[in-house]
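Colleague: Fold the following and give me the result.
(2 chains)
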Protein chains: 2
Amino acid sequence: MTYCVGIKLKAGLVFLSDSRTNAGVDHISTFRKMIVYERPGDRFMVMLTAGNLSISQSVREVLQTEQLTDADGEPLTIWNARSMFDAARVLGQAVRRVYDRDGESLRQAGVEFNISMIFGGQIHGEGMRLFNVYSAGNFIEATAETPYFQIGESKYGKPVLDRVLTPNTSLDEAAKCALVSMDSTMKSNLSVGAPLDLVVYEADRLATDRVVCIDMGNPYYRMLHESWGQKLREAFDSLPPPAWGDEKTDTPLRVAQSLLVPLRKITRAEEKLI
Amino acid sequence: MTYCVGIKLKAGLVFLSDSRTNAGVDHISTFRKMIVYERPGDRFMVMLTAGNLSISQSVREVLQTEQLTDADGEPLTIWNARSMFDAARVLGQAVRRVYDRDGESLRQAGVEFNISMIFGGQIHGEGMRLFNVYSAGNFIEATAETPYFQIGESKYGKPVLDRVLTPNTSLDEAAKCALVSMDSTMKSNLSVGAPLDLVVYEADRLATDRVVCIDMGNPYYRMLHESWGQKLREAFDSLPPPAWGDEKTDTPLRVAQSLLVPLRKITRAEEKLI
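Modeller: Predicted coordinates for the structure are as follows:
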């Protein structure tokens, strides 16, 4: 599997991906799932992919080497698109081209046409935009209410994103949050693994040099991994235990029975037939 | 959906379930997913169910009202089973009886025969045991290495269980941990909802009075929900931000380039065809 997250803030964009690919537990490899398209001063785009690796690689290749057209037959590429919306349409077209070629054969082999992408960036003349592109080539865009997208094994790492991220979060904080989210995911799921690719883009720069590949020996990641585990544990330990008996407490677990519908306990006496 | 967790410790057992059932977002109801079977001094058992509600309810009913037999044709019930293993076999039989009756019709209607259960407890004469029963009626047992089972929407709440639970965890700590795990799940997934049912069983008691139904107004749960969110945030804030530039730090995010395989950046110049 895969875990990737893309975040859109007022201050910029953050992208993080793992690099583990597996087909069953005995066929595990490392493949990068992030690609950066940059023409400094004009456009900056990042694509993260999850799903079937052969489809992901084909989509990248088509995107980079083949001529795609818009509905009017005009050539449209991620390099001449005038908006990120148009660039996302190009990506959708690339997905559909791969589907036209491989979809039927995959179906016959019982393999789902399974791919999803996070695609975001900025093109000179408009603001930053972040999209989630699906296997049908359609897509949705992140808004202030939902400032992030995840693809792949998204559930383990979702709670911390929900608790921390808002459009006003700083870039450093969001990068830290993405790494904590990744750390929780890697702790609970073997199919997500290092090295990690992290890109941080500052709004309106139209280029970035904040690109880093993080392996498990990375000092910052190692500190984060250890400190987060320890601090989480301290936070957990500092919460009072539930009070069952006559302990004096402002926060009883058992309150007046009238407020509750008691759970049904079945005892032998109630049994009719058995 | 559903989220249920069952935990087996040296000190006893902890069971927690939500009560939301949904078929699409516009058909949401409250159904209890926990049932307690108790004959004080002789046996204490708890069953949690996830999956299709009609199947879950049928399995409960069969278990409580119909005559099941073991492979030799001898009557076997959860009340006369001599071990929890045998009681789990009875439950598996009940699942298979429901499958025999409803499986084919469900298949024709395009509905998966989808059910999973956590079943645990203690029968006089042996230790506590905890099982995860699948829709084929087969099951696995928790061991010291894996002291808990989850069913339903399990991923959001897994990281905290992985960080806290060991066989030596105390009952109060495990109950607190299960509630924090549930809280994270409810925060990230609408299909899991209150009230919650919590049962804590102390080893060798063969009965319990630690049974509580928790709604969102419950003082302990409310405290846990607020404090955990706040402490998590404090823990997060106390971690240093990533260092990108020349900041003095012991834990740099960017280390000597030689250690890293740099990410490929595609720039306009590299493009051949587009």
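Colleague: I'd say A:Arg32 and A:Ser17 touch.
Modeller: Yes. With contact defined as C-beta atoms under 8 Å, A:Arg32 counts as touching A:Ser17 (7.5 Å). Just so you know, the C-beta spots here come from the backbone N, C-alpha and C atoms, and that holds for glycine as well.
Colleague: tell me, what's touching those two both at once?
Modeller: Any residue near both A:Arg32 and A:Ser17 by C-beta atoms under 8 Å, 6 or more residues apart in numbering or on different chains counts here, and that gives A:Asp197.
Colleague: Look at those two and report which has more neighbours.
Modeller: Neighbour count, other C-beta atoms under 10 Å in any protein chain shown: between A:Arg32 and A:Ser17, A:Ser17 has more, with 30 against 17.
Colleague: so the more buried one touches A:Lys33, yeah?
Modeller: Yes. Taking C-beta under 8 Å as the definition, A:Ser17 is a contact partner of A:Lys33 at 4.3 Å.
Colleague: Find the residues that touch each one of these two.
Modeller: Between them, A:Ser17 and A:Lys33 share these contacting residues under C-beta under 8 Å, 6+ apart: A:Thr2, A:Cys4, A:Leu48, A:Asp197.
Colleague: Also near chain B: which of these, exactly?
Modeller: Among these, the ones lying close to chain B by the criterion of C-beta under 8 Å from any C-beta of the partner chain are A:Asp197.
Colleague: and the shared contacts of A:Ser17 and A:Lys33, which are buried?
Modeller: With neighbours counted by 16 or more other C-beta atoms under 10 Å in any protein chain shown, the shared contacts of A:Ser17 and A:Lys33 contain buried members at A:Thr2, A:Cys4, A:Leu48, A:Asp197.
Colleague: any chance of those in CSV, with pLDDT and distance to B:Val98 too?
Modeller: Formatted as CSV, those follow (pLDDT from 0 to 100; distance: C-beta to C-beta, whole Å):
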residue, pLDDT, distance to B:Val98
A:Thr2, 89, 37
A:Cys4, 95, 40
A:Leu48, 95, 43
A:Asp197, 91, 48
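Colleague: and the closest residue to A:Asp215 other than its chain neighbours, how many neighbours?
Modeller: Spatial nearest neighbour of A:Asp215, chain neighbours left out: A:Pro195 (4.4 Å); criterion: C-beta to C-beta, 6 or more residues apart in numbering or on different chains. A total of 22 residues lie near A:Pro195 under the criterion other C-beta under 10 Å.
Colleague: Does A:Pro195 touch A:Cys213 like I think?
Modeller: Yes. If you go by C-beta under 8 Å, A:Pro195 and A:Cys213 touch, sitting 5.3 Å apart.
Colleague: what's around the nearest residue to A:Glu126 once chain neighbours are set aside, how many residues?
Modeller: Nearest residue to A:Glu126, sequence neighbours excluded (C-beta to C-beta, 6+ apart): A:Ser83, at 5.6 Å. For A:Ser83, the count of nearby residues is 13 (other C-beta under 10 Å).
Colleague: Up against chain B, what does the stretch 1-150 of chain A have?
Modeller: Applying C-beta under 8 Å from any C-beta, we find that the stretch 1-150 of chain A lies next to chain B at A:32, A:34-40, A:64-67, A:77-79.
Colleague: One more pass at 7 Å, please.
Modeller: With C-beta under 7 Å from any C-beta of the partner chain as the criterion, the stretch 1-150 of chain A comes near chain B at residues A:32, A:34-39, A:64-67, A:77, A:79.
Colleague: need these in a markdown table with secondary structure, can you?
Modeller: Formatted as a markdown table, the residues of the stretch 1-150 of chain A next to chain B follow (DSSP: H, G, I helix; E, B strand; the rest coil):
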| residue | secondary structure |
| --- | --- |
| A:Arg32 | coil |
| A:Met34 | strand |
| A:Ile35 | strand |
| A:Val36 | strand |
| A:Tyr37 | strand |
| A:Glu38 | strand |
| A:Arg39 | strand |
| A:Gln64 | helix |
| A:Thr65 | helix |
| A:Glu66 | coil |
| A:Gln67 | coil |
| A:Thr77 | coil |
| A:Trp79 | coil |
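Colleague: how about those residues in CSV, adding distance to A:Glu145?
Modeller: Converted to CSV, these look like this (distance: C-beta to C-beta, whole Å):
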residue, distance to A:Glu145
A:Arg32, 31
A:Met34, 25
A:Ile35, 28
A:Val36, 27
A:Tyr37, 27
A:Glu38, 29
A:Arg39, 31
A:Gln64, 33
A:Thr65, 37
A:Glu66, 36
A:Gln67, 37
A:Thr77, 31
A:Trp79, 31
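Colleague: Scan the residues you listed and report the most crowded one.
Modeller: Neighbour counts for these, by other C-beta under 10 Å, peak at A:Met34, which reaches 24 neighbours.
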